[in-house]
Every structure is written in C-alpha cells, then in structure tokens.
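# Sequence and predicted structure below; questions after.
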Amino acid sequence: MAELILSALLPIVFDKLASAAVKKIARAKEIRLELKKWHRSLTQIQNVLTDASQKEVTEAAVKKWLNSLQHLAYDIDDVLDDMATEAMHREFTNESEATTSKLRKLIPTCCTSFSLSTSMDGKLSGITTRLQELVDERSKLDLTVKDGSSKNKNRKYQTSLVNATSIVGREGDKKNLLNKLLGDDPGSQIYSIVPIVGMGGMGKTTLAKLLYDDMQVKEHFELKAWVCVSDDFDSFKISKEIFQSVSGETKKFENYNLLQEALRDRLKGKRFLLVLDDVWSDSLEDWETLVGPFFAGAPGSKIIITTRKKELLRQLGHKHPYDLQKLSHDDALTLFAQHAGLNDFDSYEGQREHAEGIVQKCDGLPLAIKALGSLLREKVDEEEWKDVLNNDIWKLEDDGGIVPALRLSYQDLSACSKQLFAYCSLLPKDYIFKKEDLILLWMAEGFLHQSGTNMSMERLGDKYFQELLSRSFFQHVPDDDKSLFVMHDLMNDLATFVAGEFFIRLDMGMEKDVREEAFYRHMSFVRERYITCSKFKAFETTNYLRTFLAVPIVVRDRWQHHFLSSKILVDLLPKLPLLRVLCLSKLGIDEVPESVGNMKHLRYLNLSQNSITHLPDNVCNLYNLQTLIVSGCNMLSKLPDNFFMKLISLRHFDISDTFLWNMLPQGIDELKGLQILSNTIVGENDNFPISGLRNLKNLQGMIYVRGLEQVKSARDIREVKLSQKRVSGLELGWRDVVDDLRNETLENEVLSALMPHSDNLKDLVIESYGDKVFPNWIGDSRFVRLSCISLSRCRNCMFLPPLGNLPSLKKLFIKDLDEVKDVGSEFVGAGNGPAFPSLESLCFQDMRAWEAWSTTVGGVVGAVFPCLQELTLENCPNLAVVSLKALPSLRILKIENCGDGVLRSLTRVASSVTKLSIKRISGLGDEVWRVVMEHLGAVEEVKIEKCNEIHHLWKSEAKASNVLVNLRKLEVWYCEELVSLGEKDQEDDSSWGNLLTSLLIRDCNNLERCSCPNSIEELNIDCSSISFPEGGCQKLKSVRIWECNELVGKEVEKMFLSTSMPMLQEVSITGWENLSKIIGLACFDHVTSLTITSWQGTDASFEHWPPRLHYLDIRGSKKPISQWGPQNFPTTLVGLRLWGESAEEDDVTSGTQLSHILPKSLTYLCLEGFEKLETLSVGLEHLTSLQHLDIYMSPMVKDLPDKLFTSLLSLTIVGCPNLKEKISRRGSSWPRLSYIPSVEYIDIDCFHSVYSD
C-alpha cells in the first residue's frame, strides 16, 4: 500500500521544495534546475497515483513501481531536510556561505557519493535519473490520470430484510432501542434521532433490521422507509427512495424541490420511521438539505441512523449515541458455531479449542466471526482449523468480506489520515496509549505539516486523532477517564496490512522473521526483559531507518525493568543517521552515546526512566529537535552549558522526576514555540523567575510553581496571564514553614492570580498554602474537566473548599490541614444535584485536629459520594463523629490510627465494602470488632495490623462462617495480644471460612493456635501450634511456614502424609528437620518451587526431588556444600540459589567444587555468602543454557566464567569488591560483557539499605 504513504509524503516534499530555506541553499549551490526537475517529475507521478493504487492490488509490476517510487521519495525528503537544516545552521552561525565539503556531510548516506559540481552530477543527478525512469515506466504500465476511488457497490444493496433466528447476542440491545423508538419524545418535537454507532462489522445494520422488522414497531408507525446511504450522501437519491417506500409510487421528478414537496405531503400528519443505514457524511449542510419534509410528520416519528462516525451526531446534539458493543465470548462462540455449520461442539472437542482461540482473535466482532466461521464450514480437519487460528486473517482468502468491510472505512480517510493510521502499525496489539504521546510521534515524522492552515502541529494532530477516534479506528479504554486509548486487534491488523514493507514492528521473539534485504523506514520493538543484539541483526547493514521506537512508550509499572545491550547503542545507532524518532525509554541505559548528537534529522528523543547522569554536549546541535523527554531519569543532575541556544525547534521538554527539579536552564524563556514544560519548577529565583512564563505564550501541559512565598506582589503573577494558557495540570507550592513572615493576605491574592483556564485543567496540587480560606476558584463548577486534586500541608486552613461542586472530580487527596475541625456542608457545596457526582477515590491523611465529618446536616441535598469506590482515613486520632449518608459504591475501606468509632460508623453506611484494611485502631477490642463484623457480609479481603487490643477475632468458627460469608483472604500482622482466631476453637473444626483461600498470620507473638479451613489455597504463617482439616488441604497451592517448631512440624508432617495434595506448587519451610522424609512423597509431585531454610539435617543428599521442580533455594545447611554428594535433580530444574554463609565450615574456593551439584539445565544461578570463593573461571562451563548469574557477598572472588558471557542476559554482582572495576564500562572485562543486556554491580551497603527498607 505504498500509495497511501506517497499520497501524504509528496505534498510534504512539494512544500519543502518551495520553502525559502531550501531555495536559499539551492541558489548557493546552483542546484535550482535539478530541484525543478524533481518537482516536475513528481507532479507527473502524483497525477497517476489514484490509478496505481487501484492496480497495485492485482498487478505486481505496479506494486513494485510504487514501492520504488516510495523509497526514492524518502531519499528526496532526506536530502531536502538536510538542506533545510543547513539553512538553520547558517542562520544561527551567520555564515555567509558553506564549503562544498560541509554540504557533502549533510547529504544522507544514500547520497554521499556525489561531488558538488555546478551541474550537480553524481548522486543528486542520480536521483533525477531515477525519477525520470519511473516517469517513463509509468507509460509502460499504462497508468493514467483518474479521479476518485473504487466503491463497494454491495453496500448500496443493503435491505431491511433479516432472518431474526440467525441473530445472536443482540437481545439486550434490541430491548434498549425499542424503548427509545416506542417512547414519547419530550416537548413538541416532531421527530427524534436514534443513532447506532460502532466500528465496521459490529452489526449496526443487523440490529437496525431487527428493529425495523419488529411487530411492535410495525404497529406503532404508520409509515416506514429504509435507505442505505453509504459513502455518497445524495440528498435527491435518498429523498426519492423514501418517497417510493412511503407512497409505493415510482414517480419521476424534474427537480429536487418538487420531490421534497411531494415527500412532505406524504409524511404530513403521519408517525413515520426512517432508517438511514451506513451514513458516512459528517456535513451538517448535507443533513439540513435532506430533512425539510420530516417536520411535516406527526410527533413521535423516529429516524434510526447507523454510522461509524460521530461528528454529524455531535453537531446535531447527540453527545451520547447508542454505542454498539462487541459480542460476549459465549455469544461469539455460538455465532461462530452457527456459521461453521455446527449445532454445538460436543461432538467436535478437537475443533472447540481452536474455535475458542479464533473467537478470541475476532474479539467480539460479528462480521469477522461470521466470515471465519463460514470459511471453516467445509473444513473438518483439525489442522485446517489450527492453521486459521495461527494465521494472520488478512492473509486468508477474503470471501467473508472482513478486509473490504474495514478497508472501506480506511479508504474514506484523507491521504494524511491514512498515513497516520498506517503509522499505528508500530503499536503492539492491546497497547494502551495516550493521545498526546502519539501526536508527538506523528509530528516528529513530519506528518503534521499542512500548508494553508494556521493550526499548530499539535492541534492539527488532535484534529486527525479525533477523526480516527470518531470512526472507531481507536477506542477509549473501558473504565478509564477517557485519557487512554487502544486499537481493536482487527484495526491493528488492518494498519499492518496497509503499512506494507516500509513499517515493521518487532514483537516478542520476532527477530527471526525480519528480512535482511528489506529497506524498512520505520521500526518499533516491543520491550522484553532483556534485549540482545540478535534482535536487530537485520538492521546492521541498513541505514534507512527513520524510526527506532521502543514500545510501550511509557512504562507505567515502576517495578518493571528492561535492559538493552550496550552493544546496540555503540555499534548500531551510529549507523542510523536518518532517524527522526529515537525512543529508548526505560531500557536500563546509564550513558547516552555521542552518536545521538550527530543525528541532525532527529525530532523526537525519549530517554525517560533511565539511569543517565548527563547528556552529551553535542545534543545541543540538534536544530530539528522538537521533543525531548528525560522524565524519570532520577540520576540526571546536569544539562550541557548553553543547552537551549541551538535547540530552536524545541516544543516539548519533560524533565519531571529528575534532579533538575529546582532549576531551569538559561535561555528556556526564549523558546517561543515551547508548549509543554513538564514538571518544571519555577519560582522567584535568579535562574528563572515566575515572570519568565509570560514569554511562553503557547505553554500547556503540566506546570509546577515552587517558592511562591518569595513573591512580593500578586501583580507579578497576574502578568503571567495563566488564565489564558491552556495548562492541563498545575502544582503550586509555598515553603512548609509557619511563622510570622508569612503574609496570609498576599498568599490568597497570589493563589487567586494563579487561576488557570477552566476548560483544560485536569490536575491541581496545592502545597503549604498559608491563608485560612481558599480563593473562590478552588471548587468552582466551571472547571468541568478537573478530575484530580491534592491539598496538603495547608496548615492554617480552617475550612475545606466546596469541592463537591466539581462535576468530573474523581480523585481527592487531603493531608495535613492542621486547623480543620469540622467537615460538612461547606465541603459538599451548594449544588442542587448529587455532591461529588464522579468522585471515586477519597483520602484524608494526618488531620490531627479533625473532630466531626457530616454530610447529613445543613444545606446538603441529594446524594453525596454516589460513585465513591475507595476511602482512606489515616492518622485522624481526634475524629469522633462521622455522620455520612449511605455509600453504595464503596468497595475499598482503609483506616489507620483512628478511633474505633470511625470504623463502626463507616462500616454501617458502607455495606458493599469488599476490601477492608485497618491499622492501629484505638479501642478496638474483641467486642467492638464483633459488632463491626456484623456489617462485613460483602467483604472478601480483610487486613488487620497492629491492633493490640484484639485477643480473638470471633467467638467461634461457626459464628465466623455465618457473618464473614464472602471472606476469601485474611491477613493479620503484629497483633501482639492475638491468642487465636476463634475464642472457642474446636479441635479439627475446618468448617469456617468455606470461601477462604488465603491466610497470612505474621509476627503475632502470643498466637497459640490456628486452624486452617478446607478451602485454603495459600498459607503463610508463624505460630506455636497449627491444625489442619482431616484429610489435609486438597486445594493448597502455596505453603510458607516460619520457625517450624516440633509441634508445628508434626502437624505439617501429618498433613503431608495424609493426602496427595495435587494442587501444591510452592513450599517454603524454615527449620524443619524431617523434610528429607517427606520431600520424595507423592504430595510433592507437583511442587515447582522449594525453599529450604535453616535445615539442620546431617546429609544434604535427597533420594528424590520433586519431579516437576523448577526453582530450588537452599540456605542454612549444616553440612558444607562442597561435601554434598551428587544430587538427583530433575531435568526441569532451571533455577538454583545456593547459600554458603551458614555452613559450619565453608571451604569452597573454586567453582570446580560446586560443579558436581550444578545441573546443566540451569538458566538461573545465584551463589551467595561464599566467603572463601576466589575463582569462577572454571567449573561452570558446562552450564551452556545459563542466562542469569548472580554472585552475592563473596568478597574474595577475583574472576568470572568468561566462556558463558555470550549466552548471559544478566549478570549481577553484590559485595564483591575485586570485581567492581573489572566489570565497569571501562574495565578490563567490559569488551566481553558488553553483549549482556544487564550488567550491574551493587556495593554491599547500598544492597543492605535497599533490602532493609
């Protein structure tokens, strides 16, 4: 589908050819004639692209011609971009002319072999020659000038007829829409619109047919008409079809006016139903041209519109049309079976498994399900079903119309939108992304340059994004605040299909499928935990890449780590001089290669969430750089001098969560195009006073303002005109010191002057504000998008602002408001509707003066907190009165360091809580807790911590079973006085907690006994005595027992001997001497992870290890490891951790003393605490599958197993000082280590501090 990229790229090339910068360089180098030839040839080619796009599907020669043209267009664009960059360089340096050698350096590597003579022979003339050859070939291929594109004529022939018995899963949709069709309209409305919206193939037309053919509908409406509108909104044709349907006549009309009058007369006084199926137009003018006769109908008339596009509906006032959802899995499977010719899968068990997978792949899209079901109707061989499951649906014979159905949506897009959509093929399936992130990439690739518009690139990108969203190419992530998006799998497949050979996404393990001879221009790769050089082997000989993109772009899980081999940075990146986009976020990088500063085309550089300490000085030379993201680089403390002097194109700069939090580089206020200045700290300091924001007129995104106590006059703040800047987030802070120097009145004036534009603000943070009250704009209902607020350390504040008025507020955090005593009607606000209508999460912390909280007094009307799902109260010790209305949506309740009255009051009004966590609740004794328990019928998880007045959680286990009927998980921590769970525990009573699957009891030092129910799956406990149900715990999956004394050991042994325990997978036991007698029994047959600690057996050899064992951790053995005999480990063992520190005589000095117990199946090996170990250069060479090697606290080690380096993915050294320099980036071992994605050395002190936190 090269045509799509060409159609969008050629206008950009034409704009560059016409630009003043390129013309200036062309005149200086006498290449104007050459560029004119390019323009003329490209114009001739552009004229035949429509014809070529239609023929490339069936004619291989045309496809090859288009691909060659596309590659050449890329090369031309690179040359022109070089010239534009040279012009910027000259303008900056005021050079009057450049030498021939300088321009030669600017031409990309595909064009570096020419000399710049006056006739511009060599490579530039070579491009001209290639262009002319393509022009000549155009005639041989019989390509001609054509307008328009092919249409899918079958869409025109959709009718209202339907076989209702074949429709699956739309009963609920039909019922909801029938209510809309048959219901009365408000006021004097003659007709109303019932819109059905959804992506192609979702079943909109089918649902409309069901409604149209319904008997109630037939009886309710006097006239009915069905018109398939499709992509050609012809008002005359539509009106004519409606007239023929309602009149039964085939009358001819000389003009449109006569037709409309005749239609009006037929509809006059009649209640009618019209179905306008598959409407593509988003023109309000089209609609107004059509609807005149409809106003003559009777009230209650309805018009069903089915469409993929929401724009027209939005203009007509339909903000929430009926959005048709995908089928449920069961309905989808039923539909698939129906079209595959199967009544059910009872007789086709083999096919059922593949059918499940195929249905999953179709993701509830009826069209795809029916098409693939029909495809398999005549295929009875299981292998054929398997092939369909594993194949790309776009490679299958498309008899079912999946490709045309979705491609029709694609063909209707503009050339630019097609290109933007194809670019999304770089995004992995199910990837959740933000609109802003994608627009920055589009912008960097040059897709958002459009002549004839004054819109910024960001606004233009937003316009195109909204178009793709309205047509279902993108979808909102369910249950999100509408800021996150995802592509349907089939849309992702379509993007890959149309992107062709210019785009490639390296999914997990895909490197073997990359063609080395291909000339890819855009490449993304899905992050794996460890990324080696082999993944990019195919790119070692190409230098055409424009995109080197790690996805996901933003890793939201802070504990998730990824590592990129440094060889890729050193060896591959210098070979990619044409990059526009370079994203290396969260890849474990600690040093940015100098080659990045030489990428003069670079527009987008993302180094976020890495361990870099500085940027290379030559990054300052990136004239074209638009976006620089170093957020989360928490070791970055310095930027190059004069950083912004040459970054004249910079528009987005993100330094959030770095050591640069309190400084801004000089010159930043001169960047007139800067729009995003994320997490920038500005205040009244010498480096960048807050008044400097005045010059950044386009500023948006998140702004952080610190040091506001230094502001001397609110006038300085007002000059910034923050209310005119469309910031989405605002964080404001004063110094957290309350003294006589604070001017409360001035701080109120300053905060008032900092009021932002109300239309865009989503996040607001205010810290250490000093006045007693907040300005009126805090809580003003005009802030309709404000969804997250944090108020903290406002220690003089006596009253909370009326935040209940905010319609979109979802998260609210309030902390350290030391003077607030009462929270009531002033907090709820004065609105007539529900207060806090959207609030989902509310947290109060460290409110030490707070005494009363009420929503049931004063002027409060209507519901309060109707959507609240999570409530947290921490350190509110004086809160005594809690009087709230019912909290019907509350699911999570966390209370810490409060009185028992708070707990009792909240559990009474929150009967739907499923997760309860309490800590340090004063006054919470046995009786009070049992009163609380009466309201916990819905609770599924309970965590109790440091409640030292509880002795027993319940009177008896029978009582617990009657009250905690849904309890699935129970955790009890540090409850010093807890004796047992039940006061009257019965011997062997396992009837309680029939649903309890997880039980954790730790550090309850007086716990005497504990009984486990039959249902337990996860057990983590330390106590003096334990009992298990008769017959053992058949469902137990994980058991961890600390300090296994003799009494507990007997019970555990009894349990293991009494049952086979088929579910048991993980076992960790400390101090159990009889383990060797049990470990070979059938109860361990399914164990995959085993940890043995402080085992004092005299012999470390076991006759039998669990046959499915994957991971083994042995520590605290009485016998030195070197004296162990050979171990009969299963071949499944891949992970082994050995500890040498606890042996009485640790005499291991060499790896050879360990080799006899190290199975060659290992992929992970950790050696810890071998204090005499000196060498590992020998003894480990048989571990050819080893991928991860950890060496901890072995201070004598001097060398490593060099022969294993090429296979390793990670090497971690802790507390081995002799290795520190060797494995450093400039150490003697580094050339051999550089292939390993993750090489890390941690000093012993740092290691202990991390693990003690």
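Structure's in. What do you need?

# how about the helix or strand hosting Leu312: buried residues?
Element membership of Leu312, judged by DSSP states H and E, is helix 311-315. For helix 311-315, the neighbour count (16 or more other Cβ atoms under 10 Å) marks Glu311, Leu312, Leu313 as buried. C-beta coordinates here come from the backbone N, C-alpha and C atoms, glycine included.

# Give me the average confidence score over that helix.
Mean per-residue pLDDT for helix 311-315: 84.

# Would you pull up how far that helix lies from the middle of the chain?
29 Å (Cα atoms, centre = their mean, to the nearest Å).

# what's the very next helix or strand once past it in contact with?
Toward the C-terminus, helix 311-315 is succeeded by strand 322-323 as the next helix or strand (DSSP H and E). The contact list for strand 322-323 (Cβ atoms under 8 Å, 6 or more residues apart in numbering) reads Asp173, Asn176, Leu177, Lys180, Val194, Pro195, Ile196, Val197, Gly198.

# and Arg795, how many neighbours?
17 (other Cβ atoms under 10 Å).

# ugh, wrong one, I meant Leu33
The burial count for Leu33: 12, using other Cβ under 10 Å.

# How about the one 3 residues further on?
For Lys36, the tally of surrounding residues (other Cβ under 10 Å) stands at 12.

# Next: Lys319.
The number of residues packed near Lys319 is 8, by other Cβ under 10 Å.

# could we number from 8 for the rest of this?
I'll keep to 8 as the first residue from here, and by that count the last item is Lys326.

# State the distance from it to Asn839.
Relative to Asn839, Lys326 is positioned 21 Å away (Cβ to Cβ, to the nearest Å).

# cool, Ile1243 as well?
Counting by Cβ to Cβ - Ile1243 and Asn839 are separated by 65 Å.

# next one: Thr136
76 Å.

# Next: Val282.
39 Å.

# who's more crowded, the two?
Of the pair Val282 and Asn839, Val282 is the one with more neighbours under other Cβ under 10 Å, namely 25 against 7.

# can you tell me which helix or strand the more buried one belongs to?
Using DSSP H and E, Val282 falls within strand 279-286.

# ditto for Phe660
Assigned by DSSP H and E, Phe660 falls in strand 659-661.

# Return the list of helices and strands in contact with that strand.
With contacts defined as 3 or more Cβ pairs under 8 Å, 6 or more residues apart in numbering; DSSP states H and E, strand 659-661 has these neighbours: strand 634-636, strand 683-685.

# Pull the distance from that strand to the chain's centre.
Counting by Cα atoms, centre = their mean, strand 659-661 comes out at 20 Å from the chain centroid.

# swap in stretch 542-553?
27 Å.

# ok, now stretch 580-600?
The answer for stretch 580-600 is 22 Å, by Cα atoms, centre = their mean.

# same check, this time on stretch 533-546
For stretch 533-546, the distance to the chain centre is 21 Å (Cα atoms, centre = their mean).

# now the end-to-end length of that stretch.
16 Å (Cα to Cα, to the nearest Å).

# Ok, stretch 578-595 next?
End-to-end distance for stretch 578-595, by Cα to Cα: 17 Å.

# From Pro1238, how far out is Tyr1248?
17 Å.

# With Pro18 instead?
49 Å.

# Neighbour count: these two, which is higher?
Counted by other Cβ under 10 Å, Pro18 and Pro1238 do not tie: Pro18 has more neighbours, with 16 against 10.

# helix/strand/coil for that one?
Taking DSSP: H, G, I helix; E, B strand; the rest coil as the rule, one finds Pro18 in the helix state.

# For it, give me the pLDDT.
79.

# And for Asn702?
Taking Asn702 on its own, its pLDDT is 65.

# And for Leu1174?
94.

# Could you confirm it falls within a helix?
No. With three-state DSSP as the criterion, Leu1174 is assigned strand and is not in a helix.

# Return stretch 446-465 as CSV; C-alpha atoms alone will do.
The C-alpha trace of stretch 446-465 is given here as CSV (Å, rounded to 0.1, in the frame of the first residue of the first chain):
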residue,chain,number,x,y,z
ILE,A,446,0.7,13.1,18.3
LEU,A,447,4.3,13.8,19.3
LEU,A,448,5.4,10.9,17.2
TRP,A,449,3.3,11.9,14.2
MET,A,450,4.7,15.4,14.5
ALA,A,451,8.3,14.2,14.6
GLU,A,452,7.8,12.1,11.5
GLY,A,453,6.8,15.2,9.6
PHE,A,454,3.2,14.0,9.1
LEU,A,455,1.6,17.2,10.5
HIS,A,456,2.9,19.8,8.2
GLN,A,457,0.0,21.2,6.2
SER,A,458,0.1,24.3,4.1
GLY,A,459,-2.8,26.7,4.2
THR,A,460,-3.6,26.4,7.9
ASN,A,461,-2.7,28.4,10.9
MET,A,462,-3.3,25.5,13.2
SER,A,463,-0.3,24.3,15.3
MET,A,464,1.0,20.9,14.6
GLU,A,465,-0.4,19.7,18.0
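
# That stretch: which residues count as buried?
Applying 16+ other Cβ under 10 Å to stretch 446-465 flags Ile446, Leu447, Leu448, Trp449, Met450, Ala451, Glu452, Gly453, Phe454, Leu455, Met464, Glu465 as buried.

# quick one: average confidence on the longest helix along the chain?
Scanning the chain for the helix with the most residues, using DSSP state H, yields helix 67-100. Mean pLDDT, computed over helix 67-100, is 84.

# for Ala721, what are its contacts?
Counted by Cβ under 8 Å, 6+ apart, Ala721 has contacts Leu753, Glu756, Val757, Ser759, Ala760.

# any idea how far the last one lies from Val772?
Using Cβ to Cβ, Ala760 is found at 17 Å from Val772.

# between those two, which one's more packed in?
More crowded of Ala760 and Val772, by other Cβ under 10 Å: Ala760, with 20 against 17.

# Please name the nearest non-neighbouring residue to the more buried one.
Of all residues not flanking Ala760 in the chain, Ile724 sits nearest, at 3.9 Å (Cβ to Cβ, 6 or more residues apart in numbering).

# Surely that neighbour is within a strand?
No. Under three-state DSSP, Ile724 falls outside any strand and is assigned helix.

# May I ask which helix or strand encompasses Leu612?
With DSSP H and E as the test, Leu612 turns up in strand 611-613.

# Compute the number of surrounding residues for the residue nearest to Ala375 when sequence neighbours are not counted.
With sequence-adjacent residues excluded and distances taken as Cβ to Cβ, 6+ apart, Ala375 is closest to Cys369, at 4.1 Å. Applying other Cβ under 10 Å, we find 26 residues neighbouring Cys369.
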